[in-house]
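Novice: how would this look folded up:
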Amino acid sequence: YKADKVAKVDATVLILGETGSGKEQLVRYIHKASNRRDKKLIKINCGALSASLIESELFGYERGAFTGANTTGKLGFFEAANDGTLFLDEIGELPRDVQVKLLRVLQEGEFFRIGGTSPIKTNVRLISATNRDLQEMVNQGLFRSDLYYRLNVTSVTVPPLRERVYDIIPLATRFLDDCNSRYGMEKTISVTAYHALRSYAW
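Specialist: Sure thing, here's the model as predicted:
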């Protein structure tokens, strides 16, 4: 399976697939199968943060870097995930100015905190994911081509569940087992329900 091969190679990975297809679960699998498994896996959703906030979340800031900044400064995710894995979900939502700074981290292995003057070295494995067509975004000038190729050293596509019908029953059974264990129940899924799940337009 491609994910097993990808996990052994300490390179950036781009995971592609529709929303809800299980991209985050694949990231967890890759991290646990890698030589960074004993270090942190940190996730940041690029689409859930404002353009003004995402840079400080990624790179941190020095004290007094801007109005309202923490008086002691703040560690960014690149520092927090050092020696581990940083997962950037919805990478297609990353603003252009932050794309430039992310490219520098990938090229140089260092970054600056906001308001900082000394570069900070980082050793992070970067995994990104998107449900958007990044190549088309590059063509439209919405995403930097040099960053795209840096992120896409190797890619894994997660097919939607409707193309993985064989996964539906094992997944349903696993989720039911988890719920039974959590709530002390002994629920089962009927044959009719299984058929309904398999025929649903996922």
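Novice: Tell me where the model's unsure across the chain.
Specialist: 64-72 (pLDDT under 70).
Novice: Can you show me the strands along it?
Specialist: For the chain, applying DSSP state E gives strands covering 13-16, 41-45, 85-89, 110-111, 120-121, 125-130, 154-157.
Novice: got a markdown table for those strands, with mean neighbour count and distance to Y166 too?
Specialist: For the C-beta atoms, the positions are set from N, CA and C on the backbone; glycine is no exception. Output for the strands of the chain, formatted as a markdown table (neighbours: other C-beta atoms under 10 Å; distance: least, C-beta to C-beta, whole Å):
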| stretch | mean neighbour count | distance to Y166 |
| --- | --- | --- |
| strand 13-16 | 23 | 21 |
| strand 41-45 | 17 | 28 |
| strand 85-89 | 23 | 26 |
| strand 110-111 | 16 | 43 |
| strand 120-121 | 14 | 45 |
| strand 125-130 | 25 | 23 |
| strand 154-157 | 15 | 17 |
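Novice: Touching the longest helix anywhere in the chain from outside, list them.
Specialist: Scanning the chain for the helix with the most residues, using DSSP state H, yields helix 165-183. Contact with helix 165-183 is made by L161, M185, E186, K187, T188, I189, Y194, L197, R198, W202, as judged by C-beta atoms under 8 Å, 6 or more residues apart in numbering.
Novice: can you do 7 Å?
Specialist: L161, M185, E186, K187, I189, Y194, L197, R198 (C-beta atoms under 7 Å, 6 or more residues apart in numbering).
Novice: So which of the residues you listed belong to helices?
Specialist: Y194, L197, R198.
Novice: S128 versus the closest residue to the first one other than its chain neighbours, what's the distance?
Specialist: On the basis of C-beta to C-beta, 6 or more residues apart in numbering, the spatially nearest residue to Y194 that is not a chain neighbour turns out to be I169, at 6.0 Å. Separation of I169 from S128 (C-beta to C-beta, to the nearest Å) stands at 31 Å.
Novice: what does K40 give?
Specialist: Relative to S128, and taking C-beta to C-beta, K40 is found at 17 Å.
Novice: can you check V191 too?
Specialist: From V191 over to S128 (counting by C-beta to C-beta), the distance is 41 Å.
Novice: ok, now H31?
Specialist: 13 Å.
Novice: next one: I15
Specialist: The value you get for I15 to S128, if C-beta to C-beta is used, is 7 Å.
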